[in-house]
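> have a look; sequence and predicted model below, questions after that.
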Amino acid sequence: MPSPSSPPVVYELDLLENGLDFLKSGIELFYRSATPKARAHKYALLHIFSGLLLVLKERLARVRPSLVFANEAKAGQAGAKTTDYHTTIARLEAHGISIDPAKRAALDEIRDLRNAIEHYRFGA
């Protein structure tokens with residue numbers, strides 16, 4: 001147990017570290033066993049998509065940190081919403097950062113599958 005004078009332990013991740021952590025988690029979930037269960041695949045996909053979106057937001061933040069907020073005027077305020085997938089992609093493209101069409105199609109497919117799993121009834 002830390003002494004009373006010890007500073008509190010803080011777990012802190014920036015956008016890139018958090019995105020990479022989600023990607024790592026997704027990969028670990030997918031490959032956890034030789035025959036992963038459907039639940040592992042579900043969470044692997046959810047984590048991988050979250051990780052990809054955070055990495056894209058990190059790239060956007062390198063242009064201007066406020067760009068990752070849905071309403072730039074609220075950047076940094078508690079509870080301020082960040083951009084969704086479509087807005088993140090649109091803002092990247094508006095600032096000259098393009099994604100190869102084949103890779104964009106793959107991202108869109110992952111997003112569609114993730115949305116079906118998370119928001120709708122899904123079966124495969």
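The structure has been received and is ready for your questions.
> isn't Val55 right next to Leu16, touching?
Yes - look at Val55 against Leu16 with C-beta atoms under 8 Å: they come within range, at 6.6 Å. C-beta here means a position set from N, CA and C on the backbone, and glycine is covered the same way.
> so what touches stretch 104-118?
42, 45-46, 48-49, 52, 85, 89, 99, 122 (C-beta atoms under 8 Å, 6 or more residues apart in numbering).
> looking at those residues, which are in strands?
Among those, none falls in strands (DSSP state E).
> nearest to Pro65 among these?
Distance to Pro65 across the contacts of stretch 104-118 (C-beta to C-beta) is lowest for Ile89, with 17.8 Å.
> quick check, pLDDT for the closest one.
If you check Ile89, the pLDDT there is 96.
> number of residues surrounding it?
21 (other C-beta atoms under 10 Å).
> contacting residues around it?
Contact analysis of Ile89 by C-beta under 8 Å, 6+ apart lists 56, 99, 104, 107.
> please convert those to CSV, extending it with distance to Gly79 and neighbour count.
Formatted as CSV, the contacts of Ile89 follow (distance: C-beta to C-beta, whole Å; neighbours: other C-beta atoms under 10 Å):
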residue, distance to Gly79, neighbour count
Leu56, 22, 22
Ile99, 29, 15
Arg104, 31, 13
Leu107, 27, 17
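> where is the longest helix in this protein?
Across the chain, the longest stretch assigned as helix under DSSP state H is helix 38-63.
> report the central residue of this protein.
Ser50 (2.8 Å; C-alpha atoms, centre = their mean).
> surely that one and Leu20 touch.
No - the pair Ser50 / Leu20 is not scored as a contact, 11.3 Å apart, by C-beta under 8 Å.
> just to revisit the earlier point, may I see the buried residues of the longest helix of the chain?
By neighbour count on 16 or more other C-beta atoms under 10 Å, the buried set for helix 38-63 is 40, 42, 44-61.
> next one: stretch 73-90
Across stretch 73-90, burial judged by 16+ other C-beta under 10 Å covers 75, 82-83, 85, 88-89.
> cool, and stretch 95-111?
Result for stretch 95-111 [16+ other C-beta under 10 Å]: buried residues 107, 110-111.
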